[in-house]
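1. Fold the following, please.
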Amino acid sequence: MSTYNINGITLSPALSGTVVTPSHYNNKVLALQQILDLATQLNNNLGVCGSQFNTMKDVINSLTTVAVGQRITANLANNLINAINSVYDYEECLIAYFNSLGIYPSLPSITSESPVSADAIITAYSWNSWNQEIYNEFNVLTLLPFLFTESEQIQFISPSPSISNMISAQSEPVQFMSSSPSIVKKTEVTADVFVGYDTSPGYVDKISSTDVELIKTFTAPLGYTSIHGLTCLSGYLFVGYSISPGTVDKVLPSTMTFISSFTAPPGHAWVHPLTSLSGYVYAGHYTTPGYVDKISPTDMKLVKTFTAPSGHNLVYSLTTLSGYIYVGYLTEPGIVDKISPSTMTLVKTFTAPSGHNYVSTLTTLSGYVFVGYAMVPGKVDKISPSEMTLVKTFTAPSGHNHLFALTALSGHVFVGYSTTPGLVDNISPINMALINTFKAPSGHNHVLALTALSGYVFAGYWTSPAYVDKISPTDMMLIKTFTAPSEHIEITSLTVS
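-> Prediction:
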């Protein structure tokens, strides 16, 4: 029986005849979240296997930790098995992708696991084999080549003690069975937070997710103002400007320098949201009617446009789930369209209940779409993506008004409000009820952007000076604050690499 270390998370063996403890279970959940962090970087860098990645993300994000004294039931065990198998499916797709390029990295074996029946005893043997599979799956991701054209440094985020029983600390050449370019993989993997501002010219700051310090800044060309959209794909950062005609810049994150630009067709002005899916970038336009442009990230050319139906105006938010794109409009009542990315055509529409107006933000979790409304008080609708129907509504407490930001982390939805001071609610996606609230420090007003990375929530404020707060999602307490440089004011967008 072995003990495994996954980026500082210890998976201890269960001994025959003993009870599996909550800490055993919780460490598996935390280890799978570390795998998701690494997979997110691979997904952003490669832009392949999007459907498998989204399924894996939803399953892992739906896992919750258990309290001391809580029994580890077959139900909980099967939640873990579903997550392990979703990682297996994603890695199987990635391996097939590399093999199709003639690249055959030497990897540990991975297998799928069978569920346990409701009356089964969870044996130490089963528990320890799940430890082994999680460890093997983690190693598969660390050993897959990222296929960068330049040397990219990778660094694990939190926690970051030395990783034992895993990989050597020096650079390791990946061995291939067929001829291919020499690819050297370093054993540190980095993820950063990118911050966009409502300024002229536009600025994007790259900040460390660990110490929340400035790393580097991208300054947009003259006339490129008001950055309302950010997304990452295939190792690049994409920056959307609320100008006419709408414009999206491709930026190299390592140097924060300009690569190339997309200029939207006439009438496609004011890029507000950006998202990425299956190797393409999607830009939503704050226009009447609303447009969503599908952009090739290689040559930054238009591939196809979705023109919204009559009355579906002012695209303000985009998200993706299970191979589809969801488009939110700043209309009364609120509207969300589900569109096919391959044909850029409408699949189905959700029309919000009376009084649920102005879709300001979207996120996804556990196979559902969550819709935020810029209202007093704020509201969040949980909708079924297959039927595009309402499942349940969260109505914010008094004073939690003007909802403009959503993100998801560790099986919870986080809700940001444009209030003074800024507020972030942690809500349960199951019963759509409030768990706890983060009240920002004095001067940290108007939460217009949220994102999540490495087990933390990051909140951006539309203030001068501008701030980004790193928040612990468990107790909703402040960990650290980034104060933006002078002239970098009024944060309107956040994303992570």
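
2. My read is that Asn7 contacts Gln34, right?
-> Yes: contact criterion Cβ atoms under 8 Å: Asn7 and Gln34 qualify, at 4.5 Å. Bear in mind the C-beta positions are built from the backbone N, C-alpha and C, glycine included.

3. show me where the chain has helices.
-> For the chain, applying DSSP state H gives helices covering 22-46, 50-61, 74-100, 124-143.

4. So which of those helices is nearest Ser208?
-> Nearest of those to Ser208, taken as Cβ to Cβ: helix 22-46 at 14.6 Å.

5. Pull the distance from that closest one to the chain's centre.
-> 12 Å (Cα atoms, centre = their mean, to the nearest Å).

6. list the helices and strands that helix packs on?
-> Judged by 3 or more Cβ pairs under 8 Å, 6 or more residues apart in numbering; DSSP states H and E, the packing partners of helix 22-46 are strand 4-6, strand 9-11, helix 50-61, helix 74-100, helix 124-143.

7. and that helix with helix 50-61, angle?
-> 150 degrees (axes from the mean of the first three to the mean of the last three Cα atoms, to 10 degrees).

8. in helix 22-46, what's buried?
-> 22, 24-46 (16 or more other Cβ atoms under 10 Å).

9. And stretch 360-379, by the same measure?
-> 360-375, 378-379.

10. before we move on, what about stretch 323-333?
-> Judged by neighbour count (16+ other Cβ under 10 Å), stretch 323-333 contains these buried residues: 324-331.

11. related to what we said a few turns ago, for the helices and strands packed on helix 22-46, please prepare CSV with the additional fields mean pLDDT and distance to Leu314.
-> As requested, the helices and strands packed on helix 22-46 are exported to CSV (pLDDT from 0 to 100; distance: least, Cβ to Cβ, whole Å):
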stretch, mean pLDDT, distance to Leu314
strand 4-6, 83, 44
strand 9-11, 83, 44
helix 50-61, 84, 26
helix 74-100, 83, 35
helix 124-143, 82, 39
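
12. closest to Ile335 out of the ones you listed?
-> Nearest to Ile335 among the helices and strands packed on helix 22-46 is helix 50-61; the distance by Cβ to Cβ comes to 22.7 Å.

13. helices or strands next to the closest one in the packing?
-> Secondary-structure packing of helix 50-61 (3+ Cβ pairs under 8 Å, 6+ apart): helix 22-46, helix 74-100, strand 315-321, strand 359-365.

14. Same list, those, but as JSON lines with distance to Pro115 please.
-> Converted to JSON lines, the helices and strands packed on helix 50-61 look like this (distance: least, Cβ to Cβ, whole Å):
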{"stretch": "helix 22-46", "distance to Pro115": "15"}
{"stretch": "helix 74-100", "distance to Pro115": "5"}
{"stretch": "strand 315-321", "distance to Pro115": "24"}
{"stretch": "strand 359-365", "distance to Pro115": "22"}
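
15. Looking at the ones you listed, spot the one closest to Trp127.
-> In terms of Cβ to Cβ, the element of the helices and strands packed on helix 50-61 nearest to Trp127 is helix 22-46, at 7.0 Å.

16. and that closest one with helix 74-100, angle?
-> Using the same axes, to 10 degrees: helix 22-46 against helix 74-100 is 30 degrees.

17. what about helix 22-46, average pLDDT?
-> Helix 22-46 shows a mean pLDDT of 83.

18. can you check stretch 275-294 too?
-> What stretch 275-294 shows for mean pLDDT is 96.

19. End to end on it, go ahead and measure it.
-> End-to-end span of stretch 275-294 (Cα to Cα, to the nearest Å): 10 Å.

20. Tell me the gap between that stretch and the middle of its chain.
-> Its chain's C-alpha centre and that of stretch 275-294 lie 18 Å apart, by Cα atoms, centre = their mean.

21. Go through that stretch and flag the buried ones.
-> For stretch 275-294, using 16+ other Cβ under 10 Å, the buried residues are 275-278, 280-287, 289-294.

22. what's the closest of the buried residues of stretch 323-333 to Pro201?
-> Lowest distance from Pro201 to the buried residues of stretch 323-333 (Cβ to Cβ) belongs to Leu330, with 25.3 Å.

23. Tell me how far that closest one lies from Thr395.
-> Here the criterion is Cβ to Cβ, to the nearest Å. By it, Leu330 lies 20 Å from Thr395.

24. can you list the domains in this protein?
-> 4-156, 192-496 (automatic domain parsing).

25. Check those domains for me and report the most buried one.
-> With neighbours defined as mean count of other Cβ atoms under 10 Å, those peak in mean count at domain 192-496, which reaches a mean of 20.

26. who's in contact with Glu332?
-> Each residue near Glu332 by Cβ atoms under 8 Å, 6 or more residues apart in numbering is listed here: 357-358.

27. actually Trp127, sorry about that
-> For Trp127, the contact set (Cβ under 8 Å, 6+ apart) comprises 13-14, 20, 24.

28. Of the residues you listed, which pair is most distant in space?
-> Pairwise over the contacts of Trp127, using Cβ to Cβ, the maximum falls at Pro13 and Val20, 10.6 Å.

29. what's the overlap in contacts for these two?
-> Listed as contacting both Pro13 and Val20 by Cβ under 8 Å, 6+ apart are 124, 127.

30. Any stretches of the protein with poor pLDDT?
-> 1, 16-19, 102, 118-121, 145-190 (pLDDT under 70).

31. ok, now which ones touch the closest residue to Asp89 other than its chain neighbours?
-> Of all residues not flanking Asp89 in the chain, Gln52 sits nearest, at 5.0 Å (Cβ to Cβ, 6 or more residues apart in numbering). The contact partners of Gln52, by Cβ under 8 Å, 6+ apart, come to 86, 89-90, 92-93.

32. Likewise for Tyr203?
-> Applying Cβ under 8 Å, 6+ apart, we find Tyr203 in contact with 196-197, 217-220, 227, 487-488.

33. Could you rerun that using 10 Å?
-> By Cβ atoms under 10 Å, 6 or more residues apart in numbering, the contact list for Tyr203 reads 195-197, 217-220, 227, 239, 466, 484-485, 487-489.

34. What of Lys250?
-> Applying Cβ under 10 Å, 6+ apart, we find Lys250 in contact with 233-234, 236-239, 258-262, 281, 295, 297-300.
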